[in-house]
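Q: using only what follows, build the 3D model:
(chains A, B, C and D)
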Number of protein chains: 2
Amino acid sequence: MLDDRKLDVLRAIVEDYVATHEPVGSKTLVDRHNLGVSPATVRNDMAALEEEGYITQPHTSAGRIPTDAGYRLFVDKLSTVKPLTAAEKRAISTFLAGAVDLDDVVRRTVRLLAQVTRQVAIVQYPTLTRSTVRHIEVVTLSPHRVLLVLITSTGRIEQRIVEASGEVSEQLVGDLRARLNEALAGQRMSEAATTLAGVPDLFPHEHRPLAAAVVTTLLETLANNGEQRIAVGGAANLTRYGDDFERDVKPVLEALEEHVILLRLLGEATHPQTLTVRIGHENPYEELSTTSVVSTGYGSKTESLATLGIVGPTHMDYPSTMGAVRAIARYVSQILAES
Amino acid sequence: MLDDRKLDVLRAIVEDYVATHEPVGSKTLVDRHNLGVSPATVRNDMAALEEEGYITQPHTSAGRIPTDAGYRLFVDKLSTVKPLTAAEKRAISTFLAGAVDLDDVVRRTVRLLAQVTRQVAIVQYPTLTRSTVRHIEVVTLSPHRVLLVLITSTGRIEQRIVEASGEVSEQLVGDLRARLNEALAGQRMSEAATTLAGVPDLFPHEHRPLAAAVVTTLLETLANNGEQRIAVGGAANLTRYGDDFERDVKPVLEALEEHVILLRLLGEATHPQTLTVRIGHENPYEELSTTSVVSTGYGSKTESLATLGIVGPTHMDYPSTMGAVRAIARYVSQILAES
DNA sequence: ACTGGCACTCGGTCCGACGGAGTGCCAGTA
DNA sequence: TACTGGCACTCCGTCGGACCGAGTGCCAGT
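A: Below you'll find the predicted structure:
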């Protein structure tokens, strides 16, 4: 049904439309790409492509623009991911290397992604679940208050304050610190939750209440893994959408502020090293049906820590964007592995 | 030169224009507000106000709109801050009370501010300088690596990794922890910097290098107070600007991503309990000359910890916005004082 | 000091004409 | 059979003219 030339025509249409943002007609197409046939022939091919649902006309007597299905075919079959230039790679590498801590890595990554792709960048903070407990610190704040600090293998820090019913001795705090670390250090978050249950029993009666309170808080913290954080940047790049702000841009901007939505959006693309591209209506949110999402996991080779990606108009330059997202994910993984 | 009625007219013009976003003419004005005089009289007053530079006409034979100077006069002399309703206060109070840690307080505050004012909200994280050291934790990560965690009285946590040249013993780490806390606990950030200088001398020769490295890192962290963080939210509220996204909205959106700019913008409004309003060209940044910034410090009564505020179009509802900003700053101060 | 009236300006909108880009189809050709 | 050239047709975007209405400034009158 679709011979090679028709696919060539589709590819040309996508590339032209992405470059100009204007419906592309048969003549322009023949002029710009050397297809070796006449406009009339191209028109026949276009009619076939439209029949199959890959392109459409905004109005009669206008050129064609790709449909979501057209972009999908283009991404799957007609394009190859475009690697970054050496200069870009160098810039990324040095910029990321300057980060001082985990937060800084994430902030820099967002900035970088937004800048390189010229789209809106989204980076999820490394998840707790898959990381391990590196250290638990217990600090006395006041006679009746204790601060818990949980440090993970990814360098993430969680803090919680625990109110004690009775007076808290330094010795008890030291004891708590020792036992908690003994029980948990090196464990995965998920395992840690079960191990924790038995800890209060190790303490003499009079200290059980505090131990129990501490354990409860830690469990909450671990479960509160749900509080996955996200950083967004480059919203100014939303320009390229339409000219009607209220109709075209605002819903997207609103969706971007709903981090819960973004988490679900990214959360479904967890395979590390695999690029996920969701085009237009393939997105599970109506507000984002005019956008495409390119995302990938990052982290160690075997399991990803979290996800990052970009949101842009469906008429984006997929090969370049995919290349940038993939490259940056790799660099971030590398930086994280080192620290 | 400007009698009471002229000021009434100015007030009416500002209120009307803020409500409708359309140039307001003499007839409409008389209809909507009962000024007790005829349109013709109002026209004379308007001519005088225009002469003085408080209002202007977009085109001949169009109504008048306020100039920056007009808004300034309105804010200074013609309006009173509008307090929130009881329901709003209650909502704020309960929403903020649900915060689990400092980061959460800031995130919730941004959301709240954006929602209540329907503008873009900006909240600066509490500054280090004015807070005190609560605890310093030293953790061994690997034989050659040590993690420093600095906990401040405002609940903020800073972390840094220190590379050691030689092997690090547990005893040494304990020693470091003890001495650092002894030297610094309860001190202000600014004092802490000077106190730190003498610490390495307390250690035997073989341990000096590590101690020195740790101290250096801590000093950097304290100085790195410059890395003041900021949270921004409610960008979708940028709608109300103009209809030309590229010209009207984009520069503002870009400025909002430059946290350095925002920091300077807020940084100049440090007096707690005092509202600062910067209108249009009064802002030190060309990109923000179509916007007004309403900000105030928050924190303890005598000295502020940081600043929060909103950015909106110059034609905003100043009385309500100012009321909301002031109220939220107070509630946040209260929450922070409790924890 | 205020008001009513009047001539004037000017932006926004509606309408019809027109040009251009693009299409579909068909008959012709290799 | 597969491609091409040509032709009639559609339809969007733009441009210019006419018109309406909102608003103004000014002036004479109360």
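
Q: what residues sit buried inside the longest helix seen in chain A?
A: The longest helix of chain A (DSSP state H) is helix A:318-338. For helix A:318-338, burial by neighbour count (16 or more other C-beta atoms under 10 Å in any protein chain shown) applies to A:318-333, A:335-336. (Each C-beta comes from the backbone N, C-alpha and C, glycine too.)

Q: show me what that helix is packed against.
A: helix A:86-97, helix A:102-117, strand A:291-299, strand A:304-313 (3 or more C-beta pairs under 8 Å, 6 or more residues apart in numbering or on different chains; DSSP states H and E).

Q: what about the helix or strand following the second one, average pLDDT?
A: As assigned by DSSP states H and E, the chain's next helix or strand after helix A:102-117 is strand A:120-124. Mean pLDDT, strand A:120-124: 96.

Q: what angle separates strand A:120-124 from helix A:318-338?
A: Orientation check (axes from the mean of the first three to the mean of the last three C-alpha atoms, to 10 degrees): strand A:120-124 against helix A:318-338 gives 30 degrees.

Q: and the helices in chain A, which stretches?
A: A:4-20, A:26-32, A:39-51, A:68-73, A:86-97, A:102-117, A:170-184, A:189-196, A:208-223, A:250-257, A:259-267, A:318-338.

Q: could these be laid out in JSON lines, adding distance to DNA strand C?
A: Putting these into JSON lines (distance: least, C-beta to the nearest atom of the strand, whole Å) gives the following:
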{"stretch": "helix A:4-20", "distance to DNA strand C": "9"}
{"stretch": "helix A:26-32", "distance to DNA strand C": "4"}
{"stretch": "helix A:39-51", "distance to DNA strand C": "5"}
{"stretch": "helix A:68-73", "distance to DNA strand C": "14"}
{"stretch": "helix A:86-97", "distance to DNA strand C": "33"}
{"stretch": "helix A:102-117", "distance to DNA strand C": "28"}
{"stretch": "helix A:170-184", "distance to DNA strand C": "65"}
{"stretch": "helix A:189-196", "distance to DNA strand C": "56"}
{"stretch": "helix A:208-223", "distance to DNA strand C": "56"}
{"stretch": "helix A:250-257", "distance to DNA strand C": "21"}
{"stretch": "helix A:259-267", "distance to DNA strand C": "34"}
{"stretch": "helix A:318-338", "distance to DNA strand C": "22"}
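
Q: rank the ones you listed by pLDDT, which is bottom?
A: helix A:189-196 (a mean of 80).

Q: helices and strands around that one, which ones?
A: Secondary-structure packing of helix A:189-196 (3+ C-beta pairs under 8 Å, 6+ apart): helix A:170-184, helix A:208-223.

Q: closest to DNA strand D out of those?
A: With C-beta to the nearest atom of the strand, the closest approach to DNA strand D among the helices and strands packed on helix A:189-196 belongs to helix A:208-223: 53.7 Å.

Q: so what does that closest one touch, helix or strand wise?
A: strand A:145-152, strand A:157-163, helix A:170-184, helix A:189-196.

Q: okay, the angle between that helix and helix A:170-184?
A: 40 degrees.

Q: which positions within helix A:208-223 qualify as buried?
A: Across helix A:208-223, burial judged by 16+ other C-beta under 10 Å covers A:Leu210, A:Ala211, A:Ala213, A:Val214, A:Val215, A:Thr217, A:Leu218, A:Thr221, A:Leu222.

Q: which ones are touching the second one?
A: If I follow you right, that is A:Ala211. Contact analysis of A:Ala211 by C-beta atoms under 8 Å, 6 or more residues apart in numbering or on different chains lists A:Leu176, A:Val199, A:Pro200, A:Leu202, A:Phe203.

Q: please name the nearest non-neighbouring residue to the last one.
A: Counting by C-beta to C-beta, 6 or more residues apart in numbering or on different chains, A:Phe203 lies nearest to A:Ala211, which is 4.6 Å off, once chain neighbours are set aside.

Q: please report how far that neighbour lies from A:Leu172.
A: 9 Å (C-beta to C-beta, to the nearest Å).

Q: who touches the closest residue to A:Ala97 other than its chain neighbours in this structure?
A: Residue nearest to A:Ala97 in three dimensions, not counting chain neighbours: A:Ile335, with 7.0 Å by C-beta to C-beta, 6+ apart. Contacts for A:Ile335 (C-beta under 8 Å, 6+ apart) come out as A:Leu96, A:Ala97, A:Ala99, A:Val105.

Q: coming back round to it: out of the buried residues of helix A:208-223, the closest to chain B would be?
A: A:Thr221 (9.1 Å; C-beta to the nearest C-beta).

Q: what count of nearby residues applies to the nearest residue to the closest one once chain neighbours are set aside?
A: Spatial nearest neighbour of A:Thr221, chain neighbours left out: A:Glu158 (5.2 Å); criterion: C-beta to C-beta, 6+ apart. Residues contacting A:Glu158 under the criterion other C-beta atoms under 10 Å in any protein chain shown number 20.

Q: tell me the contacts of A:Ala231?
A: For A:Ala231, the contacting residues are A:Val106, A:Arg107, A:Thr109, A:Val110, A:Ile122, A:Val123, A:Tyr125, by C-beta under 8 Å, 6+ apart.
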